[in-house]
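**Student:** Coordinates for the following, if possible.
(2 chains)
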Amino acid sequence: DQQVKQNSPSLSVQEGRISILNCDYTNSMFDYFLWYKKYPAEGPTFLISISSIKDKNEDGRFTVFLNKSAKHLSLHIVPSQPGDSAVYFCAARTTSGTYKYIFGTGTRLKVLA
Amino acid sequence: ETGVTQSPTHLIKTRGQQVTLRCSSQSGHNTVSWYQQALGQGPQFIFQYYREEENGRGNFPPRFSGLQFPNYSSELNVNALELDDSALYLCASSPQPTAKNSPLHFGNGTRLTVT
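**Tutor:** Modelled structure (predicted):
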């Protein structure tokens, strides 16, 4: 039962354009959502997060949008840079019992120079 | 500020053997979680330790066990290794289990190969 889904395994975008990465979830008990970036041979690095009581959070070139009615999360990167090329994971935190984080399967972003 | 460190970086073991992976949490963090990332998948929650006790567990068999020490460092032990245990094992730390809106901070992982 995959509670957090990233349906696009890969995405290619031209440098300077917008990258949009999507994530869908099924559990309405998730209270906190995050995006992580992962380079090869490194652990995931925290990028940006959003609480379930908000619908948008910005940090520089990165914006996360949350649509609770659609159970949909997206990450916008504007403008995209070659250094953004990595695997991006969305994650959601459960509130039932111990806090634990459920991760999607990742989207590989390639930004073309 | 010292980040999360894991050792070793790579390990090759034979089916049936036992393995111990180690993790030092980020300074100021007293909660450690372990995740398994198989090839092509996202990280999957194994368990979490707080105040030297396991306080949450994912869908992993009892041969996956752990410890947390007074300095908040942690170990992951896997007994009777199986081929499917081959994966990247990630350790993550956070300030406390119920810290509001505080992300996990990951180490670079241990790549375990079981032959």
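**Student:** how about the strands of chain A, start to end?
**Tutor:** A:4-5, A:10-14, A:19-25, A:32-38, A:45-51, A:56-59, A:62-67, A:72-77, A:86-93, A:101-103, A:107-112 (DSSP state E).
**Student:** how about TSV for these, with distance to chain B added?
**Tutor:** C-beta: built from backbone N, CA, C; applies to glycine. Output for the strands of chain A, formatted as TSV (distance: least, Cβ to the nearest Cβ, whole Å):
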stretch	distance to chain B
strand A:4-5	8
strand A:10-14	12
strand A:19-25	11
strand A:32-38	6
strand A:45-51	4
strand A:56-59	10
strand A:62-67	12
strand A:72-77	14
strand A:86-93	5
strand A:101-103	3
strand A:107-112	10
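**Student:** Per-residue pLDDT of whichever residue of chain A sits closest to chain B, please?
**Tutor:** Proximity of chain A to chain B (Cβ to the nearest Cβ) peaks at residue A:98, 2.8 Å away. Residue A:98 carries a pLDDT value of 73.
**Student:** Next, count neighbours for it.
**Tutor:** By other Cβ atoms under 10 Å in any protein chain shown, 19 other residues sit near residue A:98.
**Student:** hang on, it packs against residue B:55?
**Tutor:** Yes: the pair residue A:98 / residue B:55 is scored as a contact, 5.4 Å apart, by Cβ atoms under 8 Å.
**Student:** which residues does residue A:92 bridge with?
**Tutor:** residue A:33, residue A:102 (DSSP bridges).
**Student:** correct me, but it touches residue A:32?
**Tutor:** Yes: between residue A:92 and residue A:32 there is a contact under Cβ under 8 Å: 7.2 Å.
**Student:** who are the neighbours in contact with residue A:65?
**Tutor:** Residues near residue A:65 by Cβ atoms under 8 Å, 6 or more residues apart in numbering or on different chains: A:55-56, A:73-74, A:76.
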